[in-house]
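Colleague: Sequence and predicted structure are below.
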Amino acid sequence: MTLLTILLLACITFGTRYLFLEGRLPVRLGSNVKLFLSYSGPAVLTAITLPILFVHQHQLDTSLANPYLWGALAAIVAAYKTGNIYWTVGLGMLAFIAVGAQTF
Amino acid sequence: MMIENKRIRFPIVKGVMDMLPLSLAVLPWGILFGSIAVQRGFSWLEAQMFSAIVFGGAVQIVTVELMADNASLLTVLFTAFVISSRHFLYGLSLRDKLSPKPLRWRLGLGFLLTDELFALSGHRRSYQGKLRLIYAAAAGGSFYLAWNIWTFIGIVAGASLPDLTDLGLDFAIAATFIALVVPEIKTLPTLAAVITAAISSLIFSLWEFELGLVFAALLAMAAGFTVQQLRRPT
């Protein structure tokens, strides 16, 4: 029973991922839909990121002692200046750890 | 032959390296999953199978708890479907690029299409040409391997390890996504989308709304689309 459930769960995760990659699926994306979808990358990534930064233990954390805030600011500046993924993650982590070490 | 090898090695290394912060960032969650699964009475094989074939972070952690609590099959499957529904958005967004590809690429990359791989799919020419496909396979495949190794560690040693989810490794996810989004904010519609996503995701998250991510993304896309339409010269 457990194995069957795991198999069904696998069908769900794979099915939701694969469905629209199938060319034979009779779905044609019009130009408006394509324009709408062109914002999906920044939209999804921002919607995942902000709660990581500011929602901790189900509470909004906008205090200046929040290391995620300073790490994010450093990462934004680094991303803007360098456009490089490694510099951005590196400098962001550095600021995050530096502020975290102060507050813990 | 040498040249061919070098040409292929570069996208493989780049794919693995670009994914590395995300692969490392999910370590606490992989360990947490393996550890919960074993503690809640699943066998080692079952726990590992979750990560090997279901391959979804939140889905696994939530469904394993539901199954251990003897929730009905329908509840388990429906919950998994709700959490997985954001994948439809990824598939739709990549449909034009991936649907003409050969079946083995579609199946393979479709299986690997997590939030993390979608995050690395934003390039205008992503998935175009063999080398970009190899890049995506290396990025997605390395993440798959990492997730399964973390799960295995959780299964074997979870009970003796402290909870690592408070360690702040999730900041690496945030930093990587910032690195991917900030350079994309070049136009007013994109800025509108990002601001809308930021505000609505925080509100939905505080409401603990299960579909918050999907709805925040849809609102943000609508904002970007609307601003674009308003600016279009008539």
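Modeller: In hand now; what should we look at? Bear in mind the structure is a predicted one, so any value in this text is a computation, not a measurement. Numbers count the residues shown, from 1 in each chain, chains lettered A, B, ... in the order given.
Colleague: Tell me where the chain has strands.
Modeller: This is for chain A. For chain A, strands defined by DSSP state E occupy the ranges A:55-56, A:59-60.
Colleague: Does chain B have contacts with the last one?
Modeller: Yes: if you take C-beta under 8 Å from any C-beta of the partner chain as the test, strand A:59-60 does meet chain B, through A:59, A:60. The C-beta positions use only the backbone N, C-alpha and C, and glycine is treated the same way.
Colleague: sorry, back to before: mean neighbour count, the strands of chain A: which tops it?
Modeller: Per residue and on average, the most neighbours among the strands of chain A fall to strand A:55-56, with a mean of 16 (mean count of other C-beta atoms under 10 Å in any protein chain shown).
Colleague: hmm, who's touching that one?
Modeller: The contact list for strand A:55-56, computed with C-beta atoms under 8 Å, 6 or more residues apart in numbering or on different chains, reads A:61, A:66, A:68, B:202, B:205, B:206.
Colleague: So which of those residues wins on neighbours?
Modeller: residue A:68 (24 neighbours; other C-beta atoms under 10 Å in any protein chain shown).
Colleague: residues touching it, list them.
Modeller: A:52, A:53, A:54, A:56, A:61, A:96, B:168, B:171, B:174.
Colleague: just the buried members of these?
Modeller: A:52, A:53, A:54, A:96, B:168, B:171, B:174 (16 or more other C-beta atoms under 10 Å in any protein chain shown).
Colleague: for those, which one is nearest residue B:139?
Modeller: Checking the buried ones among the contacts of residue A:68 against residue B:139 by C-beta to C-beta gives residue B:174 as the nearest, at 18.4 Å.
Colleague: list the contacts for that closest one?
Modeller: A:49, A:52, A:53, A:68, A:71, A:72, A:75, A:92.
Colleague: Counting only helices, which of those make the cut?
Modeller: A:49, A:52, A:53, A:68, A:71, A:72, A:75, A:92 (DSSP state H).
Colleague: now the helices for chain B?
Modeller: Listed in chain order, the helices of chain B (DSSP H) span B:2-25, B:27-39, B:44-49, B:57-68, B:73-84, B:86-98, B:103-111, B:115-119, B:130-157, B:170-181, B:188-207, B:212-231.
Colleague: anything in the third one near chain A?
Modeller: The reference is to helix B:44-49. Yes: Helix B:44-49 reaches chain A (C-beta under 8 Å from any C-beta) through B:46, B:49.
Colleague: Packing partners of that helix?
Modeller: helix A:2-18, helix B:27-39, helix B:130-157 (3 or more C-beta pairs under 8 Å, 6 or more residues apart in numbering or on different chains; DSSP states H and E).
Colleague: and those as CSV, adding distance to residue B:219 and mean neighbour count?
Modeller: Converted to CSV, the helices and strands packed on helix B:44-49 look like this (distance: least, C-beta to C-beta, whole Å; neighbours: other C-beta atoms under 10 Å in any protein chain shown):
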stretch, distance to residue B:219, mean neighbour count
helix A:2-18, 20, 18
helix B:27-39, 27, 22
helix B:130-157, 28, 20
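Colleague: and of the ones you listed, who's closest to residue B:122?
Modeller: helix B:130-157 (11.7 Å).
Colleague: hmm, that closest one touching chain A?
Modeller: No: applying C-beta under 8 Å from any C-beta, one finds helix B:130-157 separated from chain A by no less than 10.7 Å.
Colleague: other SSEs contacting that helix?
Modeller: Going by 3+ C-beta pairs under 8 Å, 6+ apart, helix B:130-157 lies up against helix B:2-25, helix B:27-39, helix B:44-49, helix B:103-111, helix B:115-119.
Colleague: my guess is residue A:42 contacts residue B:182, does it?
Modeller: No: look at residue A:42 against residue B:182 with C-beta atoms under 8 Å: they stay out of range, at 9.3 Å.
Colleague: Looking at these two, which is more packed in?
Modeller: Between residue A:42 and residue B:182, counted using other C-beta under 10 Å, residue A:42 has the larger neighbour count: 26 against 19.
Colleague: who's in contact with that one?
Modeller: Residue A:42 neighbours (C-beta under 8 Å, 6+ apart): B:122, B:181, B:184, B:185, B:190, B:193, B:194, B:197, B:220, B:224.
Colleague: contacts with chain A among these, please.
Modeller: Among the contacts of residue A:42, chain A is touched by B:122, B:181, B:184, B:185, B:190, B:193, B:194, B:197, B:220, B:224 when using C-beta under 8 Å from any C-beta.
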